[in-house]
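Undergrad: Have a look at this fold, sequence not included:
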């Protein structure tokens, strides 16, 4: 008999990726979309072949804040009654607690862990509603079997301590490798644009994470996009090759970034693209020379989708990881330090780009290393750990922490 698993919610297309891996391992996993998923995180944004309905993808009539008050416990139970294991993100802990159901694994994408738990200044007309959801979300997280959280920042740490929840440092496998191991341009809206870009420029630098470096959202959401912009501008002062920085109109600081680019006088070497599906971005990355993720000091956490997209594409990754390999290995269940270009300033970015001009081979050697690291620690190797956890919960066996560790 197959284990029947519900993966609920699809922020960052994480659950769609997990479902496909689980099905490859013989688990009867299904993706249950909330009633209001972000458009660019729908399954069709993360797969080329979406011409016909997929029977193991279903749409719920609930999941949003408003639907929490409009959905009966009976409806929630009916939608989930046929599953042995429930994994989910977002407000699923609150919905399941309302329906007196157990959430087996809470796999938060970030704010669903700490926003309601720690936010106290909800002084508006919605306060009573927020307090109700907050109560159920906290209780639902506390009652779940496990939470996949890496304690990578103080908000995560504070929320976990407050909730007293059992955690393990395994992220969702962010990308389904079969989808992108041989991505073709056919069927992609922007493939011709990216192919032309490759013809016109000798060096292409990608920064596709949200523009968020000036507007305060919360204390851990900074992306440091200004660092890549300033570093690229410094590089252009000495550059001998045609170079372009590719940015995306995504996030609250798009206008601030455009203003900074204007002040630095590099508009001709920056291209802005609209927010687009992952499959389009990954094709563009496959033609780039460098990718970039968060450039303020962070640890490698359970939510580094942008980094994984770059590494899976086999590109050198600009990232700021201010911890030692030993600290990283301890934090991330034995994963070795990732093969990245570890930088901490605009000057470092400029220096690496100039070095690349003169001798690209050391950076191109990261191609194979990055892909191998992805496969073992964020791809199929990570999926195997999830299969083990699911099997243990299903069979009511104790999880051996040593089996979650990487060699």
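TA: Thanks, I have the structure now. Bear in mind the structure is a predicted one, so any value in this text is a computation, not a measurement.
Undergrad: which residues of the stretch 101-250 of the chain fall in helices?
TA: Taking DSSP state H, counting those that start in this stretch, the helices of the stretch 101-250 of the chain run over residues 111-118, 127-143, 154-163, 177-180, 191-200, 225-236.
Undergrad: can you map out the strands along this protein?
TA: Residue ranges of the strands in the chain, as given by DSSP state E, are 4-8, 28-33, 57-59, 85-88, 105-106, 146-148, 167-168, 203-207, 243-249, 270-274, 290-292, 317-319, 341-342.
Undergrad: deepest of the helices of the stretch 101-250 of the chain, which one?
TA: helix 225-236 (a mean of 23; mean count of other CB atoms under 10 Å). Heads up, the C-betas are built off the backbone N, CA and C, glycines and all.
Undergrad: quick one: that helix to strand 270-274, angle?
TA: Angle, helix 225-236 to strand 270-274, by axes from the mean of the first three to the mean of the last three CA atoms, to 10 degrees: 150 degrees.
Undergrad: what does helix 225-236 contact?
TA: By CB atoms under 8 Å, 6 or more residues apart in numbering, the residues outside helix 225-236 that reach it are 205, 207, 209, 211-214, 243, 245, 247, 251, 253, 257, 260-261, 264-266, 269-270, 292, 295-296, 318, 320, 343, 345-350, 353-354.
Undergrad: Adding mean pLDDT and distance to residue 218 as columns, could you present the helices of the stretch 101-250 of the chain in a markdown table?
TA: Output for the helices of the stretch 101-250 of the chain, formatted as a markdown table (pLDDT from 0 to 100; distance: least, CB to CB, whole Å):
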| stretch | mean pLDDT | distance to residue 218 |
| --- | --- | --- |
| helix 111-118 | 73 | 8 |
| helix 127-143 | 86 | 16 |
| helix 154-163 | 78 | 7 |
| helix 177-180 | 88 | 31 |
| helix 191-200 | 97 | 33 |
| helix 225-236 | 98 | 16 |
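Undergrad: Let me know which of those is the nearest to residue 100.
TA: The minimum distance between residue 100 and these falls on helix 127-143, with 9.9 Å, by CB to CB.
Undergrad: Mind listing residues that contact the closest one?
TA: 65, 68-69, 91-98, 102-103, 106, 112-113, 116-117, 119, 122, 147, 163-165.
Undergrad: What subset of these is buried?
TA: Applying 16 or more other CB atoms under 10 Å to those, the neighbour count classes 68, 91-98, 103, 106, 112-113, 116-117, 147, 163, 165 as buried.
Undergrad: re the thing from before, what's the closest of the helices of the stretch 101-250 of the chain to residue 26?
TA: Of all those, it is helix 177-180 that lies closest to residue 26, at 15.6 Å by CB to CB.
Undergrad: for the closest one, packing partners?
TA: Applying 3 or more CB pairs under 8 Å, 6 or more residues apart in numbering; DSSP states H and E, we find helix 177-180 packed against helix 14-24, helix 278-286.
Undergrad: tell me the contacts of residue 71?
TA: Going by CB under 8 Å, 6+ apart, residue 71 touches 61, 62, 95.
Undergrad: before we move on, what about residue 378?
TA: Applying CB under 8 Å, 6+ apart to residue 378 gives the contacts 171, 173, 174, 175, 308, 311, 312.
Undergrad: Who wins on neighbours among these?
TA: Ranked by neighbour count (other CB atoms under 10 Å), those have residue 311 at the top, with 32 neighbours.
Undergrad: mind listing what that one touches?
TA: Contacts of residue 311 were listed using CB under 8 Å, 6+ apart, and they are 317, 338, 339, 340, 370, 371, 373, 374, 378.
Undergrad: about what we covered before: can you redo the contacts of residue 378 as a markdown table with distance to residue 397?
TA: Converted to a markdown table, the contacts of residue 378 look like this (distance: CB to CB, whole Å):
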| residue | distance to residue 397 |
| --- | --- |
| 171 | 23 |
| 173 | 22 |
| 174 | 27 |
| 175 | 29 |
| 308 | 30 |
| 311 | 33 |
| 312 | 32 |
